[in-house]
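**Student:** coords below, sequence missing:
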């Protein structure tokens, strides 16, 4: 049975999954990995969701406050052995639901052009491509997206 739990960045299962995520991103990002990794710290992430099959952690995602109305989706990952089963969509929906409980009305995120599977997931989930924001503004390999959430 698949289930999820809400936690924070101190969670040991989350930390283990993030190690795998960073290894995966190092391959996808290539030479750009050092640039991107500086924005992927785990410090003070208070909103983390870890997904499990039975007692095995198989996926994770998080959000951080971006502004008074918006959260930024971070650290989305599903273990390769469990991809293609809707787990990423479930994680994303749980993060969005949690954000709306705090009255946030939008989510933003950044992913790479070299990660078409992620872009497809976010498009399917209602995210629209927006101009790159903040540190990604002039980064040609970044794709920034946004979703307005209904209450």
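**Tutor:** Okay, I see it. All values reported here derive from a predicted model rather than from experimental measurement.
**Student:** where along the protein do the helices fall?
**Tutor:** When assigned using DSSP state H, the helices of the chain occupy the ranges 12-29, 33-37, 87-101, 116-124.
**Student:** winner for burial among the ones you listed?
**Tutor:** Each of the helices of the chain was given a mean neighbour count from mean count of other C-beta atoms under 10 Å, and the largest, a mean of 18, is that of helix 87-101. Using the backbone N, CA and C atoms, a C-beta is placed for each residue, glycine as well.
**Student:** tilt between that helix and helix 116-124?
**Tutor:** Between helix 87-101 and helix 116-124, the angle formed by their directions is 50 degrees, by axes from the mean of the first three to the mean of the last three C-alpha atoms, to 10 degrees.
**Student:** which of the helices of the chain sits closest to residue 61?
**Tutor:** Evaluated over the helices of the chain, closeness to residue 61 peaks at helix 87-101, with 4.3 Å, by C-beta to C-beta.
**Student:** which neighbouring elements make contact with the closest one?
**Tutor:** Other elements packing on helix 87-101 under the criterion 3 or more C-beta pairs under 8 Å, 6 or more residues apart in numbering; DSSP states H and E are strand 2-7, strand 47-53, strand 56-67, strand 70-78, strand 106-112, helix 116-124.
**Student:** pull the distance from that helix to the chain's centre.
**Tutor:** A distance of 10 Å separates the C-alpha centroid of helix 87-101 from that of its chain, computed with C-alpha atoms, centre = their mean, to the nearest Å.
**Student:** averaged pLDDT, that helix. What do you get?
**Tutor:** Helix 87-101 shows a mean pLDDT of 97 in the predicted model.
**Student:** neighbouring contacts of it?
**Tutor:** Surrounding helix 87-101, the residues in contact under the criterion C-beta atoms under 8 Å, 6 or more residues apart in numbering are 2, 4, 6, 47, 49, 51, 58-63, 71, 73, 76, 78, 107, 121-122, 124-125, 147, 149, 151.
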